[in-house]
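A.B. asks: pasted the sequence and its predicted model underneath.
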Amino acid sequence: MAKKQSDKLSSSQKAKAASDEKKVVARNKKARHDYEILDTYEAGLSLAGTEVKALRLGRASLVDSWVEVDRAGEVWAHGVNIPTYATGGWTNHAPNRKRKLLLHRSEIEKITRKVEGKGRTIVPLELYFIRGRAKLLIALAQGKHEWDKRETIKRREADREAARAMSAARRRQRG
């Protein structure tokens, strides 16, 4: 019987693979419901030490958060709630402060041009660690109308119903 690829890895290779994994801290589920996602970007976060420790504990919230590009061409995340670190002491951070996002100049210019369109905004979708660095997945989004939201829900339910019917037909065919 053939061994799996993961069985052949040394302990250091397994440790590296584990550190390269994407560890999600927070998701903004409501953003995908309220907005039509046009384009996504991965941005680094400029954080204080206690913010990183609080994030590693898995404590953060992206509810009611948004992203803006200021006049100086810098990108800032507002409303990202990272609670204070319990054992932080006097070095603790403010939980809802605005945080600078780290993007390439060309990405910032591209985002700025696209946001100028009617009804477009930038919303954070996911906060995660990858290779030990905190990243924020942001999306260029356009607001959905109420009827768009209902249509999306109907389509999703129809897809689920079709999948159920197909799996039931396969079970009947086998049995």
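C.D. replies: It's in.
A.B. asks: got the phi and psi for residue 37?
C.D. replies: Dihedral angles of residue 37 (phi, psi; degrees, to the nearest 10) stand at phi -80, psi 120.
A.B. asks: residues in contact with it?
C.D. replies: By C-beta atoms under 8 Å, 6 or more residues apart in numbering, the contact set of residue 37 is 31, 125, 139-141. Heads up, the C-betas are built off the backbone N, CA and C, glycines and all.
A.B. asks: could I get the pLDDT score of it?
C.D. replies: Note on residue 37: pLDDT of 91.
A.B. asks: who does it bridge with?
C.D. replies: On the basis of DSSP bridges, residue 37 is bridged to residue 141.
A.B. asks: how near is it to residue 123?
C.D. replies: Distance, residue 37 to residue 123, by C-beta to C-beta, to the nearest Å: 8 Å.
A.B. asks: can you check which residues contact both of those two?
C.D. replies: Counting by C-beta under 8 Å, 6+ apart, the residues touching both residue 37 and residue 123 are 31, 139, 141.
A.B. asks: my guess is the last one meets residue 41, correct?
C.D. replies: No: applying C-beta atoms under 8 Å as the test, residue 141 and residue 41 come out as separate, 11.6 Å apart.
A.B. asks: circling back: max pairwise distance over the contacts of residue 37: which two?
C.D. replies: 31 and 140 (11.6 Å; C-beta to C-beta).
A.B. asks: and residue 73, that's in a strand?
C.D. replies: No: counting by DSSP: H, G, I helix; E, B strand; the rest coil, residue 73 is located in no strand; its state is coil.
A.B. asks: ok, how many other residues are close to the residue nearest to it when sequence neighbours are not counted?
C.D. replies: Spatially, and ignoring its direct neighbours in sequence, residue 73 is nearest to residue 108 (5.8 Å; C-beta to C-beta, 6 or more residues apart in numbering). Each residue near residue 108 was counted by other C-beta atoms under 10 Å, and the total is 17.
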